[in-house]
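Engineer: how would this look folded up:
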Amino acid sequence: MHPTAVISGFRRAARDACAFVRDELAIPVSSLGDDALAAVARTSMSSKVIGGGGRTTEHFAALLVDAVKAVRTERVEGGGASSSSTVVVKYPVSAVTVLKARGGSLLDSQLIRGVALNLGKAAAGMPSRVGVGGGSVGEKKDGEKARGGDGGKSVARIACLDVNLQKARMHLGVQVLITDPAQLEAIRAREADIAKERVAAILAAGANVVLTTKGIDDLCLKYFVEAGVMAARRVPKDALRRVAKATGATLVTSLADEEGGEAFDASCLGTADAVVEENVAGDDIIVVRGGHGGKKRRKEAAEALASASAASNGGGGDVSAAAAAAAATAGDDEEDDDVFAEGGGATLLLRGANDYLLDEAERAAHDAMCVVRRVLESGSVVPGGGAAEAAISVFLERGTPSLAPREQLAVAEAAEAVLAVPRALASNAARDGADLVAKLRAYHFKAQKAAEDKKAGKSGEEIERDLLLGRCGLDLERGLVRDSVAAGVLEPAGGKVSALRFAAEAAITILRIDDLIRVEPAGDEQ
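Structural biologist: Numbers count the residues shown, from 1 in each chain. Coordinates of the predicted model:
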């Protein structure tokens, strides 16, 4: 058989299988109740270190669902003179910060509302809380008051810097010749004054929290402590970007202004309900709670849309197009997947006995969060335990009369290849794969025949009972076939569609290879 016919059959099989999953197998999450998302997370974790049932699985399932929901992002697309705006909802998993702390058990893991930094304040005399609002990981001691310029009664105003707040020093290669020792003291005094002026510019803008990726020396720390400002140094740049996105701040890389001096613009400040230093497992962390970055971006988008509307009513074609473009891109940046919503982000704090356990828990948690995100964005699931693959195999084997005979052979081979998933599941569980897969296929054949009878106008209890067989998957603990939906074994429908497409493309890519030239490694010379 020529590869062209096989490629055509594989493409048809992938297209029909994807349509079958979307139209027949997919189940809306809204029809399954609130526990559907937790069931999806449990299914993803079932073969990992935090899975296997019990309190740990239930604890992490609830934790990870809340973490993904906490980074819900709304982005306005379209709008302007010629089209209506639409709100696109995303759940960027990369916006969930993961911190790992040795000690305790997996059940001690918790979700922190906000962006957490794995470091403490730079000096002991600084306030432990700036602003109000948001709970704390651990309750504060009685009588502890927030220190700051406003007594902690307003929001935290955060400066995100990529600037060295240290005593200024001349660059390498610069020589200054002096003849009077007093001039040397003047130079040193001026170096200290430059650092003082930088701190004064930041404080004058209204900042009461300062985060920098570089150092802060004792001189600058003294000024911050006197002003009642919380400061942290050596903040990882990726973590600082998260804080900037969550709070609406601008990451400042230089204080230089157009006039040759140094200044700090107050518009670069981010705002949050509170910035708190906590102690977890003997280590200090800084938590930014209730970031206002999402509100700021929505406000910018609303203003841009209003400008677009005003421009269109005024009749300015070019102006209207420019305003519409500004509305469509309001709040966007190079890393749009990390844009935060009103929740201000979330941090997953993992606890465990050792680094190996924490690394495995992090990988399992990331996989589960990706699955939950996929379900939230698509809104549909399919039965797990090999149910979807068995249903697709039966559907493809029943064939399409319009296909050519050679293409039907390729479709039949695709149907057989899909069964590799339930067979592998049975084999991994030390079960008889041939027997279980045969039973599973028989159930799905009856379910699809009942669906055809119902479309033809037939009805009855037997048909309704057979329709439920389409949800059956493998129960590998007992070696039976069961209702996967009732058992809480669910998978995202979008994941199945993507897997079918990628598998078909991979097979087609291999079939397109005409010749394979293999170069044998040269033998050792005697």
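
Engineer: which residues of the stretch 1-150 of the chain fall in strands?
Structural biologist: 27-28, 73-78, 85-90, 96-102, 110-113, 115-117, 129-131 (DSSP state E, counting those that start in this stretch).

Engineer: The ones you listed: lowest mean pLDDT?
Structural biologist: Across those, strand 73-78 has the smallest mean pLDDT, namely a mean of 71.

Engineer: what residues go with each domain of this structure?
Structural biologist: If you go by automatic domain parsing, the domain ranges for the chain are 1-71+356-520, 112-291.

Engineer: Tabulate the ones you listed in CSV, adding columns for mean neighbour count and distance to Val88.
Structural biologist: Quick note: C-beta positions are derived from backbone N, CA and C, even for glycine. Below are those laid out as CSV (neighbours: other CB atoms under 10 Å; distance: least, CB to CB, whole Å):
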stretch, mean neighbour count, distance to Val88
domain 1-71+356-520, 18, 9
domain 112-291, 18, 17
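
Engineer: With Lys100 as the reference, name the closest of those.
Structural biologist: For Lys100, the closest of these is domain 1-71+356-520, at 4.2 Å, according to CB to CB.

Engineer: Output stretch 435-447 as CSV, nothing but the C-alphas.
Structural biologist: The C-alpha trace of stretch 435-447 is given here as CSV (Å, rounded to 0.1, in the frame of the first residue of the first chain):
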residue,chain,number,x,y,z
ASP,A,435,-10.0,-10.0,28.7
LEU,A,436,-10.5,-6.5,30.2
VAL,A,437,-10.1,-4.7,26.9
ALA,A,438,-12.5,-7.1,25.2
LYS,A,439,-15.2,-6.4,27.9
LEU,A,440,-14.6,-2.7,27.7
ARG,A,441,-15.0,-2.7,23.9
ALA,A,442,-18.2,-4.7,24.1
TYR,A,443,-19.7,-2.2,26.6
HIS,A,444,-18.8,0.7,24.3
PHE,A,445,-20.2,-1.0,21.2
LYS,A,446,-23.5,-1.4,23.0
ALA,A,447,-23.4,2.3,24.1
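
Engineer: Gln448: which of the strands of the stretch 1-150 of the chain is closest?
Structural biologist: strand 27-28 (15.8 Å).

Engineer: so how far is that closest one off the chain centroid?
Structural biologist: 23 Å (CA atoms, centre = their mean, to the nearest Å).

Engineer: Please work out which residues outside that strand touch it.
Structural biologist: Residues from elsewhere that reach strand 27-28 (CB atoms under 8 Å, 6 or more residues apart in numbering): Gly379, Ser380, Val381, Val382, Pro383, Val485, Ala493.

Engineer: Tell me which entries of these lie within strands.
Structural biologist: Ser380, Val381, Val382, Pro383 (DSSP state E).

Engineer: show me the contacts for the third one.
Structural biologist: Yep, that's Val382 we're talking about. Val21, Leu25, Ala26, Ile27, Ala388, Leu490, Glu491, Pro492, Ala493, Lys496.

Engineer: How about the contacts made by the last one?
Structural biologist: Spelled out, that is Lys496. Here Lys496 is in contact with Val21, Leu25, Val382, Ala388 (criterion: CB under 8 Å, 6+ apart).

Engineer: again, only this time at 7 Å
Structural biologist: Residues near Lys496 by CB atoms under 7 Å, 6 or more residues apart in numbering: Val21, Val382, Ala388.

Engineer: Give the residue spans of the protein that score low on pLDDT.
Structural biologist: For the chain, the stretches flagged by pLDDT under 70 are 76-85, 133-153, 169-172, 294-344, 400-402, 523-526.

Engineer: For the nearest residue to Leu396 once chain neighbours are set aside, what are phi and psi?
Structural biologist: Distances taken as CB to CB, 6 or more residues apart in numbering put Ala415 closest to Leu396, at 3.7 Å, once the chain neighbours are dropped. Main-chain torsions, Ala415, degrees, to the nearest 10: phi -60, psi -40.

Engineer: Nearest the geometric middle of the protein, what residue?
Structural biologist: Closest to where the C-alpha atoms of the chain average out (CA atoms, centre = their mean) is Val93, at 0.8 Å.

Engineer: got the ones in strands among the contacts of strand 27-28 as a markdown table, with distance to Lys214 columns?
Structural biologist: Shown next, in a markdown table, are the ones in strands among the contacts of strand 27-28 (distance: CB to CB, whole Å):
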| residue | distance to Lys214 |
| --- | --- |
| Ser380 | 47 |
| Val381 | 47 |
| Val382 | 50 |
| Pro383 | 53 |
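
Engineer: what pairs with the helix or strand hosting Val276, and is each one parallel or antiparallel?
Structural biologist: Per DSSP states H and E: Val276 is located in strand 270-280. Paired neighbours of strand 270-280 in the sheet (DSSP bridges): strand 129-131 (antiparallel), strand 156-161 (antiparallel), strand 283-291 (antiparallel).

Engineer: Please export the C-alpha coordinates of it as PDB.
Structural biologist: Listed next in PDB are the C-alpha coordinates belonging to strand 270-280 (Å, rounded to 0.1, in the frame of the first residue of the first chain):
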ATOM      1  CA  GLY A 270       2.800  48.800  42.500                       C
ATOM      2  CA  THR A 271       0.100  48.500  45.200                       C
ATOM      3  CA  ALA A 272      -1.100  45.600  47.300                       C
ATOM      4  CA  ASP A 273      -3.300  45.200  50.400                       C
ATOM      5  CA  ALA A 274      -0.400  44.100  52.500                       C
ATOM      6  CA  VAL A 275       3.200  42.900  52.500                       C
ATOM      7  CA  VAL A 276       3.900  40.600  55.400                       C
ATOM      8  CA  GLU A 277       7.000  38.800  56.700                       C
ATOM      9  CA  GLU A 278       6.100  35.300  57.900                       C
ATOM     10  CA  ASN A 279       8.100  32.500  59.500                       C
ATOM     11  CA  VAL A 280       7.500  29.100  58.000                       C
END
